[in-house]
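> Structure for the following, please:
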Amino acid sequence: GGSAPAALRRTGRLADGWLGSFHTPAQARAARIAIQEAAAEAGREIEADHFGLSLAVAEGGVPAELAAVAARRSPGVPVTDLVATSWPEARRLVEQHIEAGLSKFVIRPAHGDFAGFLEKFQAELVPLQN
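Below you'll find the model as predicted:
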């Protein structure tokens, strides 16, 4: 769906859900609300559990290319508000996005290295499932 105002309105009119990326919890909440308002204006509803976020976990530092993408997508926002730099930070960001009304998450390694990724994911984030 995207994150520009026109894209959020289009998502509300046409889509079944939304998966954002490089959004703070406040930005994600505002996007969710804009989409829900556009859906209501179009006489439709998007189920509350159809809003989510793709989140990179950058243990060992945020790669320069990822930091540049984050800066383009959310200018002026600290990269650490958009990319988790540790598993406890991933948990904190996911919890904040849950509070913002999101419920679906794609958690991915920022470095493309899956060594230990699933074990750490299970330990830190699986307990958040309900």
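
> hey, where'd the helices end up in this protein?
5-14, 25-41, 64-73, 87-99, 117-124 (DSSP state H).

> in the first one, what counts as buried?
For helix 5-14, the neighbour count (16 or more other Cβ atoms under 10 Å) marks Ala7, Leu8, Arg9, Thr11, Gly12 as buried. C-beta: built from backbone N, CA, C; applies to glycine.

> how about those in TSV, adding distance to Gly116 and pLDDT?
Output for the buried residues of helix 5-14, formatted as TSV (distance: Cβ to Cβ, whole Å; pLDDT from 0 to 100):
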residue	distance to Gly116	pLDDT
Ala7	36	96
Leu8	36	97
Arg9	41	97
Thr11	35	96
Gly12	39	97
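
> For those, name the two members farthest from one another.
Maximum pairwise distance among these (Cβ to Cβ): 9.8 Å, between Ala7 and Gly12.

> Show me where the protein dips below the pLDDT cut-off.
Applying pLDDT under 70 to the chain flags the ranges 1.

> on that earlier part again, mind picking the one among the buried residues of helix 5-14 that's closest to Val126?
Of the buried residues of helix 5-14, the one sitting nearest to Val126 (Cβ to Cβ) turns out to be Thr11, at 28.6 Å.
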